[in-house]
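Give me the fold of what follows.
(one chain, ligands or ions: 2)
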Amino acid sequence: MLFANFLKKDLMNNSNEKIEEVFKGIAASPGIVFGEVYFFTKHTPRIEEKNISSQNIENEITKFEHAIKRSEVELLKIQTLTEQKIGKSNANIFEAQILILNDAILFKTICELIKRTKKNAEYIVNLEITKYQQLMLSSADEYMRERAHDVEDVKNRLIRNIQQEKLISRFKNNTIVMSETLTPADTVLFSRNNILGVVTETGGTTSHAALIARSLRIPAVLGAKGICNSIKNSDEIILDGNRGVIILNPTKETKKNYHARQKEFEKFERRLEKLRDLPAVTLDDFEIGLSSNIEFVEEIDYIHSQGSHGIGLYRSEGVLIGQDIIPSEEEQFNAYKAIADKTFPFSVIMRTFDIGGDKVVDEHVKEENPFLGFRGVRVSLASEKFFTTQLRAILRASTRKNISILLPMISSLEEVRESKRILEKTKDDLKNENIPFDEKIKIGVMIEVPSAALLAREISAEVDFLSIGTNDLVQYLLAVDRGNENIGNIYQELHPAVLRTIHFVISEAHKAGKKVGICGELGANPLATLPLLGFGLDEFSVNPAMLPEVKKIIRSITMQDAKRVALKVLELSDTNDIKNYLKEELHKVVPDIPIND
Ligand code: PEP
Ligand code: MG
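Ligands and ions are numbered 1, 2, ... in the order given. Below you'll find the predicted structure:
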């Protein structure tokens, strides 16, 4: 394979003709786009030395000034939080860092050097601050030597902020970003810069980055192993997020084919648009709850454009993305209130922070197995103050009575009870302070850990509703990391153990008189709609891009058929048999639906 690539490059050099190559990855977010590659290498920032023209000197100095301002805002936030959490003396180091940023002599020296040497800002900042550091490190005073690390932090922060501007200015309007890995924060940064698509070497369909790409409607192919070694900056590619394919140097013929496929895809989407204002009701008149999963307030306008729907899962950790510190109660309140207001008169299920795993992580917590570690409600319960801040913000935002609370990663009854105790105490505090909130606010539990599934009846008795999170439930039931592309083929949402567990959870909750929704990606898998309805599922909450498709299936079937299919599926014990059976049944009722394997 290596030899083949080598040969191809050789041929290319000789004939100067570019050779078309096809790469395969995981179809993580739909859409077909044509563009130029931009390599994103955030994790190993390199400091480039560049000559700048006389006209660009002012521009370079402005970049430096903006980076100082941005760094100062970040440090002030960190300083305030540290002071609140662990006292003023510990926060002093940030004050010292801010003093370095505001050092007039350093500022003047750097500006003068940029002018005199005509070199770029990040290069001069690195050079000049490293000089200070070395002086400090060679000092006989131990205190002084230790402070050199603070200087290193300030330097890195400044360089990062200078590079941030540089990076954003590099996105052209036909950019497809390619990277080894992708964090949710990167994806958000890209979406705010209108890039066309993303390709990575790592990550699977339910990795957090993939979910965000889908929510933000950025076509994506993840898990394309080895692609970064074969493709260069500015190469021309086609990204097919429907099939998980990347085509390098497409020929005229290929481009023509893909333009036709792009049109076909857009036509299918337009057909679904006609369902926009129709209810999600089966042919035999059963109305089914249909709502959306979101993470950012920006997504709500898109949901409105897809028809009238509530939000079945708001991933509140969206407010933490790109922040160095946890937002204050007031900041959180404003974010939650904006979501509740924009969703009204429909309702929104707000999940408390699901920090950890492959999502927003506390960089001070280093774990061997983050998915089995400090994650979700475990983080909230570890600090009553942290949890209470979020609950107060949610409760204060609930005055329109359209919010429910959802707890992530519950694995025992004790966690449910402890969370409820803290919620009740928070309500009492607000009452005593005469702050209004919805006193009848509902609370639910995510069923995404096998132990919680087995305790579904007892947990249901404690709360108002359950929501099944299949993205995690599948990974924990089958012991398959949801983001690991190497084992993507054994991450099977339609595994008999998964379907039987879901059936069990729904039956147990119904015995306790409680409703059950699904908010994992399985809810948007066309093959799953029939069995889930047949199991008695009350609500589907899906990625907004999938709303029309799920609605189309619901409107094409009868509950009677769904029950028949559900019963049959429970008898099957081989994933492939289940898939084949479900494909057959689905094609009988919705023949034109595209199914991804
Ligand atoms: C899930 O696990 O299915 C879920 C909806 O939560 P998340 O994807 O945010 O972990
Ligand atoms: Mg989950």
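
Can you tell me which residues in the protein are near ligand 1?
L211, L313, R315, D354, E448, G469, T470, N471, D472, C519, G520 (C-beta under 6 Å from any ligand atom). For every residue, glycine as well, the C-beta is placed using N, CA and C.

Dump the residues you listed into JSON lines; add secondary structure and pLDDT as well.
Shown next, in JSON lines, are those (DSSP: H, G, I helix; E, B strand; the rest coil; pLDDT from 0 to 100):
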{"residue": "L211", "secondary structure": "helix", "pLDDT": "75"}
{"residue": "L313", "secondary structure": "strand", "pLDDT": "97"}
{"residue": "R315", "secondary structure": "strand", "pLDDT": "94"}
{"residue": "D354", "secondary structure": "coil", "pLDDT": "95"}
{"residue": "E448", "secondary structure": "coil", "pLDDT": "98"}
{"residue": "G469", "secondary structure": "coil", "pLDDT": "97"}
{"residue": "T470", "secondary structure": "helix", "pLDDT": "97"}
{"residue": "N471", "secondary structure": "helix", "pLDDT": "94"}
{"residue": "D472", "secondary structure": "helix", "pLDDT": "96"}
{"residue": "C519", "secondary structure": "coil", "pLDDT": "96"}
{"residue": "G520", "secondary structure": "coil", "pLDDT": "94"}
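
In the stretch 451-597 of the chain, where is pLDDT below threshold?
Under the criterion pLDDT under 70, the flagged ranges of the stretch 451-597 of the chain are 594-597.

Tell me where it has strands.
465-468, 515-518, 539-542 (DSSP state E, counting those that start in this stretch).

Could you export those as CSV, including distance to L395 and mean neighbour count?
Listed next are those as CSV, based on distance: least, C-beta to C-beta, whole Å; neighbours: other C-beta atoms under 10 Å:
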stretch, distance to L395, mean neighbour count
strand 465-468, 18, 25
strand 515-518, 22, 24
strand 539-542, 22, 25
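
thinking again about what came up before, tell me, which of the residues of the chain next to ligand 1 make contact with ligand 2?
E448, G469, D472 (C-beta under 5 Å from the ion).

What's opposite V198 in the beta bridge?
V177, A220 (DSSP bridges).

Wait, a strand at I246?
Yes. I246 forms part of a strand when assessed by DSSP: H, G, I helix; E, B strand; the rest coil.

can you tell me which residues contact it?
Shown in contact with I246 (C-beta atoms under 8 Å, 6 or more residues apart in numbering): 22-25, 199, 221, 224, 227, 231, 237-240.

Go again with 6 Å.
F23, V199, V221, A224, I237, L239 (C-beta atoms under 6 Å, 6 or more residues apart in numbering).

Run a quick neighbour tally on the last one.
Burial of L239, expressed as a neighbour count using other C-beta atoms under 10 Å, amounts to 29.

So which of the contacts of I246 wins on neighbours?
Taking other C-beta under 10 Å as the neighbour criterion, V221 ranks highest of the contacts of I246 with 31 neighbours.

Confirm for me that it is in contact with G244.
Yes. With contact defined as C-beta atoms under 6 Å, V221 reaches G244; the gap is 5.2 Å.

Please consider this matter closed, and thank you.
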